[in-house]
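Trainee: what shape does this take:
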Amino acid sequence: MNKALFWRKMRGSLGLLVIFGGVLTLYIVMIAGLYDKETQQALQQFYDMMPQLMAAVGMNGEGDTLLSFLSTYLYGMLLLAFPMIYAILRARGLVARYVEKGSMYALCAAPVSRLSLAGTQLAVLVSTQFGLLLYCTVLEIVSCQVLFPGDLDIKGLLCLNGGLLCLHLCLGAFCFLVSCLGEGSRCTALMAGVPTLMLVMQMLANLGGKLEKFQYVTLFSLFQPEKLMAGEGLFAAGILLLLAVLFSALALWGFCRRDLYI
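Mentor: Model prediction:
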C-alpha cells in the first residue's frame, strides 16, 4: 500500500464523509428522540393507515425496546440506503473517474505497482466505510444514553452494526470491482443500478406474499437485524464478508490485468 496516496485520498474523502455524516446525524438523533409512548402510538396509527408503505421501507416492527425501535426506523431503510450511496460515489471516484479523465494512466506509469495502487484505493474505501459506520454507532450510543439512560442494549447494537458493516463492505467491494473493470456511462449505470435494484427488491420482499421471493435475489436479505440483535445471524453476515473479500480480490486481479493503453 502506498501511504502517501492513502492519506491524500483519505483527505479527499472528508468532504463526502462530512455530508453523509451530517445527514445521518440528523436522522439518528431525531429518531432516537422519538422513543416515547405518545410518539410510538402516533407512529402505529400512521402504520395502520399505510401498512404497505411502512412495510416496504422495513418500518413494520413493534419497537418494544429502544434497540428494536432503532432497528425498525433506522435499519429498515436509512442505514441501508445512505452508506450504500456513499460507497457508490466513492468507489467511482477512486478508480473509474480517474480512468475516464486519463489521470489513471499517469498513476500507473509511476514507479508504483498496479496492485499497490488498486490496493491503496480499496483501503481508502474500506477505511472510510468503517469510519462512517463507527461514527453512527458512537452517535447512537451517546444519543440514547443522553436521552434514555440505561435503556439501550449496547451489546445488541454492536452486533447489529457489525452485520451492517459486513453488508456495506460487500456492497462497496462490488462497486469497487465494477469501478476497476469498467468505465463510462455503462460502468456508472452498473455500479449504481445493481445495488439500487437489490434494495428495491428487498422493499418488495418486505411486502410479503408472492413478492417475498425477491429476497432470494438480493444481498440485503442477508442482513438480518432481529437475529443480529439476539446475537445470531452470524452465518449470513459471514457470507456477506466472504463475498466482500471475493469481490475485492477480483477487483485487484482485474485491475492488474486491465489494458489501460499506457
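
Trainee: mind naming the longest helix for the protein?
Mentor: helix 114-147 (DSSP state H).

Trainee: I'd assumed Cys159 was in contact with Gly231.
Mentor: Yes. The pair Gly231 / Cys159 is scored as a contact, 5.8 Å apart, by Cβ atoms under 8 Å. (Glycine included, C-beta is placed from N, CA and C.)

Trainee: pick out whichever of these two has more residues nearby.
Mentor: Cys159 (22 against 10; other Cβ atoms under 10 Å).

Trainee: buried residues, the helix or strand encompassing the more buried one. List them.
Mentor: If you go by DSSP states H and E, Cys159 is part of helix 154-181. For helix 154-181, burial by neighbour count (16 or more other Cβ atoms under 10 Å) applies to 156-157, 159-181.

Trainee: coming back round to it: and the longest helix of the chain, how far from the chain's centre?
Mentor: 10 Å (Cα atoms, centre = their mean, to the nearest Å).

Trainee: kindly calculate the angle that it makes with helix 154-181.
Mentor: 150 degrees (axes from the mean of the first three to the mean of the last three Cα atoms, to 10 degrees).

Trainee: go through helix 114-147 and flag the buried ones.
Mentor: Buried positions in helix 114-147, judged by neighbour count with 16+ other Cβ under 10 Å: 114, 117-126, 128-129, 132-133, 135-137, 139-140, 143-144, 147.

Trainee: what packs against it?
Mentor: helix 3-32, helix 66-74, helix 78-91, helix 103-109, helix 154-181, helix 234-256 (3 or more Cβ pairs under 8 Å, 6 or more residues apart in numbering; DSSP states H and E).

Trainee: adding distance to Gly193, write those helices out as a markdown table.
Mentor: As requested, the helices and strands packed on helix 114-147 are exported to a markdown table (distance: least, Cβ to Cβ, whole Å):
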| stretch | distance to Gly193 |
| --- | --- |
| helix 3-32 | 20 |
| helix 66-74 | 25 |
| helix 78-91 | 10 |
| helix 103-109 | 23 |
| helix 154-181 | 10 |
| helix 234-256 | 16 |
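
Trainee: least confident of these, on average?
Mentor: Mean pLDDT is lowest for helix 103-109 among the helices and strands packed on helix 114-147, at a mean of 60.

Trainee: sorry, back to before: contact partners of the very next helix or strand once past the helix holding Cys159?
Mentor: As assigned by DSSP H and E, the chain's next helix or strand after helix 154-181 is helix 184-206. Helix 184-206 has contacts (Cβ atoms under 8 Å, 6 or more residues apart in numbering) with 55-58, 60, 76-77, 80-81, 84, 87-88, 91-92, 96, 100, 171, 174-175, 178-179, 181-182, 211-215, 217-221.

Trainee: now, of the residues you listed, which are buried?
Mentor: Of the contacts of helix 184-206, these count as buried by 16+ other Cβ under 10 Å: 55-58, 60, 76-77, 80, 84, 87-88, 91-92, 96, 171, 174-175, 178-179, 181-182, 214, 218-221.

Trainee: contacts only, for the nearest residue to Gly238 once chain neighbours are set aside.
Mentor: With sequence-adjacent residues excluded and distances taken as Cβ to Cβ, 6 or more residues apart in numbering, Gly238 is closest to Cys166, at 7.6 Å. Residues near Cys166 by Cβ under 8 Å, 6+ apart: 223, 237-238, 240-241, 244.

Trainee: run the last query once more with 6 Å
Mentor: Under the criterion of Cβ atoms under 6 Å, 6 or more residues apart in numbering, the neighbours of Cys166 are 237, 240-241.

Trainee: and the residues you listed, which of them are buried?
Mentor: Looks like these have 237, 240-241 buried, using 16+ other Cβ under 10 Å.

Trainee: is it possible to get TSV of these that adds distance to Arg186?
Mentor: Formatted as TSV, the buried ones among the contacts of Cys166 follow (distance: Cβ to Cβ, whole Å):
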residue	distance to Arg186
Ala237	31
Leu240	26
Leu241	28
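
Trainee: right, I'll leave it there.
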